[in-house]
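> Generate coordinates for the sequence data below:
(chains A, B, C and D)
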Protein chains: 2
Amino acid sequence: MNINQLEYFRELYIKGSFLSASETLGITQPALSLQIQKLEDELGYKLLDRNRRPIRLTIEGERFYEKAVEILRLVDELKEVSLQISEEIRGTLKVGIIPTLAP
Amino acid sequence: MNINQLEYFRELYIKGSFLSASETLGITQPALSLQIQKLEDELGYKLLDRNRRPIRLTIEGERFYEKAVEILRLVDELKEVSLQISEEIRGTLKVGIIPTLAP
DNA sequence: TAAAAATACTCCATAGGTATTTTAT
DNA sequence: ATAAAATACCTATGGAGTATTTTTA
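Numbers count the residues shown, from 1 in each chain, chains lettered A, B, ... in the order given. The predicted structure is shown next:
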């Protein structure tokens, strides 16, 4: 299981179709299909009912989705914090350099 | 950034040394060193101060660690839930099969 | 100088792409 | 019949290993 797979699954949930989800994710439909399959294999159960179209989440898929979304929210937070930190560092670096240039 | 890297970083935090962390993680010291470097590269700042031994987290590293641990807690929860689900499914499968065997 | 971490390289696993087949409306 | 998902195959990136070279207490 990895963060990408969780993001893929979230997008698939939102769009309700492999094709349209793959487009917004910037990958191909087969790539998305494979990643979801690998995730299901690892979990040991199906996230989606593929016998109906449009695709529907299984009950297990719904339970999985709730948790996945929580994780992705935190991951997004972490990335946001990291961006702020790296900007702070750039800022202090600049401040630190200017005085040494004065003389 | 991926879940493995977060787990690696958490273990490194706990152990305070690349070598001992790599041992409990079941990977080699260079592999751990590389993954932490890649993580730092992606983040754009250093998680560790390597000029002192034993290794010390930077202030930024401390901030990152707090968030990382939260994420890993949720990921562990998700894995736990998934294990329960797959066991439930095995259970209901067994129950579903037994009656068909009766005749 | 003796430990721990970084670097250099090699190899293999896997994520993703294209082409094609299968399936559900 | 047609649109969407699955499968097959190929390629390239990256994660991990071994061997070796810096480091810093």
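
> Residues in contact with stretch A:50-60: which ones?
With Cβ atoms under 8 Å, 6 or more residues apart in numbering or on different chains as the test, stretch A:50-60 has contacts from A:12-13, A:16-18, A:45-49, A:65, B:85, B:89. Backbone N, C-alpha and C define where each C-beta goes, glycine included.

> Mind doing that once more with 10 Å?
A:9, A:12-13, A:15-18, A:20-21, A:33, A:36, A:40, A:43-49, A:61-65, B:81-82, B:85-86, B:88-89 (Cβ atoms under 10 Å, 6 or more residues apart in numbering or on different chains).

> where does chain A come near DNA strand D, residue by residue?
Residues of chain A lying near DNA strand D by Cβ under 7 Å from any atom of the strand: A:17-19, A:29-30, A:33-34, A:36-37, A:48, A:50, A:53-55.

> Give me the buried entries from the contacts of stretch A:50-60.
Among those, those classed as buried by 16 or more other Cβ atoms under 10 Å in any protein chain shown are A:9, A:12-13, A:15, A:18, A:21, A:33, A:36, A:40, A:43, A:45-48, A:61, A:63-65, B:81-82, B:85.

> ok, back up a step: check the contacts of stretch A:50-60 one by one and keep those near DNA strand C.
Okay, of those, nothing touches DNA strand C (Cβ under 7 Å from any atom of the strand).

> those strands in chain A, which residues are they?
A:48-49, A:56-57 (DSSP state E).

> Keep only those of the residues of chain A next to DNA strand D that are in helices.
A:Phe18, A:Leu19, A:Gln29, A:Pro30, A:Ser33, A:Leu34, A:Ile36, A:Gln37 (DSSP state H).
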